[in-house]
Structure formats: structure tokens, C-alpha cells
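[1] Below are the sequence and a predicted model for it; my questions follow.
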Amino acid sequence: STLRCHMTTHCGCPCFGHAWWKRRRSPADRVKPHERVSAPAAFDSADERSAHSRRDPAAPIPPLLDLDGSEHSRFPDRAGADSRGARASRSDVSMAETPSGPAAGVYRFYCPLCMLYFKSIHRMSCCEQYVCRFCFADYGQRRGARLPSLENERVVQLPSDVACPCCSASGREIHAERVEQGEPARSFDDMR
């Protein structure tokens, strides 16, 4: 009897029933389609495996690389991120925990999309909601729209075919205006 593929049409699985698979592999290499196979051993012996897992403590730690291939600092300097002229990342300019003490006066603005606190943020004209420049850029990428950068602009006009990232309003002039340190922040405490 002939073994047949578990699928009714050719699925590309390594079943015995596929003639192309038989021609491609030797009988010793053939496996059943869903048979559990252990991962191939990268080392011949346990000694080689343990020697590979040990690292010389005196050896330098290899640098972390960003997606563009540039070296990434393991300990970002939050204060100096903008002064170096480098493009600051979200973690360089935001705070994840609710700010308290002196940080409460600095990280006053909350982005409801990424749930982080920022020193400055942008307010959408349609719904008066805040959105950080990183969420704004991510939103534009997901939509495939070419949105203007919020990094250096005080007021940015959204294209007419792009909806607001917070309330989905569209079809009218919507702009994002930067809110800075000296301006009042909206929060739930203000509503009490």
C-alpha cells in the first residue's frame, strides 16, 4: 500500500507519500510528517557543550547593536540624549512608572497609547487627547501614511486621509500641537 499525505492536496510536508521527497532524501533521512525529532547536537560531547557555555569574565562584553547596525549604549544617558544630537529613543525621554517627587514636575504628560509619561507631548485638536511622537510615528507606519515628524515641529497638520490615532476622527483639519513644560497638564487629578 502507498502512504499518502495527510492533506488532500500537495502541502509541501515531508510525508513518505510525496515522490519529490523520496527523490530528494535518502531513506535514512526520511521522517514522518509530525514525528518529534530532537534538535541536532551542535557539539559532539558534554565537555564541548560546557566549555562553550562558559565565558571568560575578563573578556569584554560585545556591544549591543541597533537595527541600523550602530552601537547601542547599555545605559542610556537620559539627560544627554538630546544634547548629543543623537535621535532619542522612547525609553530615553519617557518614564514608565507614575512620577512622584521631583519627577512629577518634569514628567507631567501621559500618553494613553503607550502608557508612558513624557516631559513634552502633543495634543490632538479633534479630541484634546495627548499622543507622544513615538506613538504618532508608529501609527503612521502601521497605516502606511507618510506623516510629518513631531520631533522638531510645534504644530503638525495631519493629511486629510489619516484619522486621529486617539478618536479616529477624520475628514477635517486635524493637527497635533506640542504641549511643553510650562503649560497646564490634564490629568484625572484636575477633574476632582
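    Sure thing, it's come through.

[2] Output the below-cut-off pLDDT ranges for the chain.
    Applying pLDDT under 70 to the chain flags the ranges 1-88, 90-92, 171, 183-192.

[3] Grab the longest helix from it for me.
    Determined from DSSP state H, the single longest helix within the chain is helix 133-143.

[4] The closest residue in space to Q129 that isn't next to it in sequence: what's it in contact with?
    Once flanking residues are discounted, Q129 sits nearest to C166: 3.8 Å by CB to CB, 6 or more residues apart in numbering. C-betas here are computed from N, CA, C, even on glycine. The neighbours of C166, taking CB atoms under 8 Å, 6 or more residues apart in numbering as the test, are 112-113, 124, 127, 129, 131.

[5] again, 7 Å this time
    124, 127, 129, 131 (CB atoms under 7 Å, 6 or more residues apart in numbering).

[6] Surely the last one and S125 touch.
    No. Assessed by CB atoms under 7 Å, V131 is found out of contact with S125, at 11.4 Å.

[7] These two - which one has more neighbours?
    Higher neighbour count among V131 and S125: V131, with 22 against 17, using other CB atoms under 10 Å.

[8] which ones are touching the more buried one?
    Counting by CB under 7 Å, 6+ apart, V131 makes contact with 111, 113, 122, 124, 165-166, 176.

[9] okay, those residues in a markdown table with distance to P148 and secondary structure next?
    Converted to a markdown table, the contacts of V131 look like this (distance: CB to CB, whole Å; DSSP: H, G, I helix; E, B strand; the rest coil):
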| residue | distance to P148 | secondary structure |
| --- | --- | --- |
| C111 | 18 | strand |
| L113 | 18 | coil |
| H122 | 11 | strand |
| M124 | 14 | strand |
| P165 | 14 | coil |
| C166 | 17 | coil |
| A176 | 9 | strand |
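
[10] from the residues you listed, which would you call buried?
    Buried subset of these (neighbour count, 16 or more other CB atoms under 10 Å): 111, 113, 122, 124, 165-166, 176.
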